[in-house]
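Visitor: what follows is a predicted protein model with its sequence.
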Amino acid sequence: MTASRNSDSPLSALSAGEQATEAFELLSNETRLAILVALWEHDDPFGDDDALRFSELQSRVGTADSGQFNYHLDRLDGHFVESVDGGYRLTNAGRKFVRSVIAGTGIESPALEPTEVDVPCTLCGAAAEVQYERGQVYVTCTECEGLWNADDDHSGHLAKFSLDPAGLEGRSPEEIYAAAWVNTFQTIYSMIEGVCPTCTGQVERTLAVCSDHDADGQCDNCGNRSRAIARFRCTVCKRTTRATLGVVAKYHPRVVALCYDHGLDLQYGFNELAHIAERFDRTSTDVEYRSLDPPRVRVTTTIDGDDAWVELAEDLSVVDVSD
């Protein structure tokens, strides 16, 4: 059963879409949230019995009034919960919602003060530090100005990775850095393929080139050292990320093969700080601007004196590859 949205609700004035705003309304009740959590705690993805019968589910939630409990369960049924022969279980949407809450909170309130890690700054060779706050892993140089200017309190920016609080559980600072690296690269790779890793929506891919770039250090116009960067934006959930062109190039099989031939795996085993450091140390990237309007660049990756290049168009599609 689906109740129509109240026209007096503030949600009715929003443009997120009727299904989305209805979902927000459905989740604005403690009993319904408790039902989702109870089903999630019982859920075993590899088990044979992932459903709870009505009476057991009501007992776990702790609601004495069967009529009220049935009303709230009925509101969820078909959205975040589905009824099956054995009772009730979470739908994929229900699992995704609960997982997002778990991932976003973790087990404890996570924090990581600036901690030096064994990966030097790629610009000046000085020590780099890793820090975690507000869902972000910051990698900064302890001496130079870094790769770009940031709109926050951090200086010497070398990298900023998104990582849910759950990603800190049981990991050392070095392991947190490596986990953030893996998570970010998988996000970028999915977006290169045009699929948002959060909602599976379509992704807009853009080769963004600074129109008035200062090649000496960080540019006052765009705030980056590099004149061009790759930008990705989901057209559905608005998830965004950006990457250097070297990272985009290293997704292509031609560049993967070059590195593999020289004993550097780009896709397996890079969840280690030593492997990340080796990747920085042994590979270099050069960007040649073949055209500015429309933008087209040749990105050359060099390792141990050998190189491979790919040419990227405005939408980051590969239009040419070295032999």
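Guide: Right, received. Where do you want to start?
Visitor: and stretch 227-241, C-alpha only, in CSV?
Guide: Coordinates of the C-alpha atoms in stretch 227-241 are reproduced here as CSV (Å, rounded to 0.1, in the frame of the first residue of the first chain):
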residue,chain,number,x,y,z
ARG,A,227,46.5,22.9,-16.7
ALA,A,228,44.0,20.1,-17.3
ILE,A,229,42.2,17.7,-15.0
ALA,A,230,39.5,15.0,-15.5
ARG,A,231,36.1,15.8,-14.0
PHE,A,232,33.3,13.3,-13.4
ARG,A,233,29.7,14.1,-12.4
CYS,A,234,26.8,11.7,-12.0
THR,A,235,23.7,13.1,-13.7
VAL,A,236,21.4,11.4,-11.2
CYS,A,237,22.8,11.6,-7.6
LYS,A,238,25.3,14.4,-8.4
ARG,A,239,28.4,12.5,-7.1
THR,A,240,31.5,14.2,-8.4
THR,A,241,35.2,13.4,-8.4
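Visitor: need the residues that contact that stretch.
Guide: By Cβ atoms under 8 Å, 6 or more residues apart in numbering, the residues outside stretch 227-241 that reach it are 162, 184, 187-188, 191-192, 196-199, 201-210, 213, 215, 219, 242-245, 247-248, 287, 289, 295, 297, 312, 316. Using the backbone N, CA and C atoms, a C-beta is placed for each residue, glycine as well.
Visitor: just the helices in this structure please.
Guide: For the chain, applying DSSP state H gives helices covering 18-26, 30-42, 54-61, 66-76, 92-105, 173-192, 245-249, 253-261, 273-282.
Visitor: ramachandran coordinates for Leu27?
Guide: The phi/psi pair for Leu27 (degrees, to the nearest 10) reads phi -90, psi 0.
Visitor: got the contact list for it?
Guide: By Cβ under 8 Å, 6+ apart, the neighbours of Leu27 are Leu33, Phe80, Phe97.
Visitor: quick check: pLDDT value at it.
Guide: Confidence at Leu27, expressed as pLDDT, is 82.
Visitor: for stretch 169-181, what is the average pLDDT?
Guide: Average pLDDT, stretch 169-181: 90.
Visitor: oh, that last question was meant for stretch 137-149, not what I typed.
Guide: Stretch 137-149 shows a mean pLDDT of 86.
Visitor: with stretch 273-284 instead?
Guide: Per-residue pLDDT over stretch 273-284 has a mean of 87.
Visitor: relative to Ala243, how far out is the nearest residue to Gln136 once chain neighbours are set aside?
Guide: Using Cβ to Cβ, 6 or more residues apart in numbering and skipping the chain neighbours, the partner closest in space to Gln136 is Lys160 (5.6 Å). Lys160 is 12 Å from Ala243, where distance means Cβ to Cβ, to the nearest Å.
Visitor: okay, these two: which has more neighbours?
Guide: Ranked by neighbour count (other Cβ atoms under 10 Å), Lys160 and Ala243 place Ala243 first, with 21 against 18.
Visitor: what residues are bridge-paired with that one?
Guide: Here Ala243 shows beta-bridge partners Ala230, assigned using DSSP bridges.
Visitor: isn't Thr117 right up against Ala277?
Guide: Rather than Thr, residue 117 is Val. No - if you go by Cβ atoms under 8 Å, Val117 and Ala277 don't touch, sitting 9.2 Å apart.
Visitor: so where's the stretch 1-150 of the chain uncertain?
Guide: Applying pLDDT under 70 to the stretch 1-150 of the chain flags the ranges 1-20, 104-109, 150.
Visitor: great, nothing more from me.
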